[in-house]
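K.L.:
Model the following, please.
(one chain, ligands or ions: 1)
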Amino acid sequence: MKLFHHLTSLSTATLIACCLFVPFIFASAYDFESGIGPGWIPGGRVHWHLDDMESHGDAYSLRSGEIDCTGMSSLSREVQGPAEIRFWWKKDPVSGSAGRATEFTFSVDENVQRVCSSSEWVKESYSILDNGTYWIEWDFRKMNCYPRLQGAGWIDDVEISPELVVPEVVVPSEILPYINESIEYLNLSLVELSVNISKVEGNVSVLEGDVKNISSMLGKIP
Ligand SMILES: [Ca+2]
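P.N.:
Model prediction:
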């Protein structure tokens, strides 16, 4: 506790002056229970949104936008390879012959890699083997106008492992030697830090972008 008190006794100005941004590599899991979160880029006239009527597990999933007649609703995210991408998805084809005129795909840099044809939740995975930067994308397309506003695709429990994340958290260089493994988990906009500072241990939850230096986090360590 001595070290803890020593660190918290430092003035904020001192802490900021010696701060470093520290990127962390860890697995990201997106279950969409607290919102869509940063990094997801919508495309098409109607956007993907949270849906509390369908979910793999908890309460929420992401659903493609309601397409009135024909068109596409897409959702994409930048991924730094190498990475393993796992996700659950399902498709609700519109009824009758029009049901064949929909397509739900997963693409990497606009190349279709997986096609969903299941109306039940199924798991998919895709590996990026090199260290390049790629855009992964889920597209739901409707090619037949009728029935209007029907047909959709859902995704849930997306995991990207490992994922390079640079959170909006600044860690003082004096504290770096005492931080053990640091960030373990990122869920949407909530960054959960596991901080082990010498004999002081504790879990700190902060809103991404809300904390600019570790001094305010230290105040939350029990
Ligand atoms: Ca969910």
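
K.L.:
Let me know how buried the spatially closest residue to Ser55 that is not a sequence neighbour is, in neighbour terms.
P.N.:
Spatially, and ignoring its direct neighbours in sequence, Ser55 is nearest to Ser61 (4.5 Å; Cβ to Cβ, 6 or more residues apart in numbering). Just so you know, the C-beta spots here come from the backbone N, C-alpha and C atoms, and that holds for glycine as well. Counted by other Cβ atoms under 10 Å, the residues lying close to Ser61 total 25.

K.L.:
can you check Tyr126 too?
P.N.:
Tyr126: 17 neighbours (other Cβ under 10 Å).

K.L.:
isn't it right next to Thr105, touching?
P.N.:
No. Tyr126 is not in contact with Thr105 according to Cβ atoms under 8 Å; the separation is 11.8 Å.

K.L.:
what sits up against the strand or helix carrying Val115?
P.N.:
When elements are assigned from DSSP states H and E, Val115 belongs to strand 111-116. Residues outside strand 111-116 that contact it (Cβ atoms under 8 Å, 6 or more residues apart in numbering): Trp89, Lys90, Lys91, Glu103, Phe104, Thr105, Phe106, Ser107, Val122, Glu124, Tyr126, Gly153.

K.L.:
Flag every buried residue along stretch 128-144.
P.N.:
Ile128, Tyr134, Ile136, Glu137, Trp138, Asp139, Phe140, Arg141, Lys142, Asn144 (16 or more other Cβ atoms under 10 Å).

K.L.:
The fourth one: what's its closest spatial neighbour, skipping adjacent residues?
P.N.:
So that's Glu137. Ser76 is the one closest to Glu137 (Cβ to Cβ, 6+ apart), at 3.9 Å.

K.L.:
just the buried residues of stretch 128-144 now: which is nearest Gly35?
P.N.:
Trp138 (17.5 Å; Cβ to Cβ).

K.L.:
Ser76 and the ion, how far apart?
P.N.:
19 Å (Cβ to the ion, to the nearest Å).

K.L.:
For that residue, which residues are in contact?
P.N.:
Trp40, Ile41, Gly43, Trp135, Ile136, Glu137, Trp138.

K.L.:
let's see 7 Å
P.N.:
Counting by Cβ atoms under 7 Å, 6 or more residues apart in numbering, Ser76 touches Ile41, Gly43, Trp135, Ile136, Glu137.
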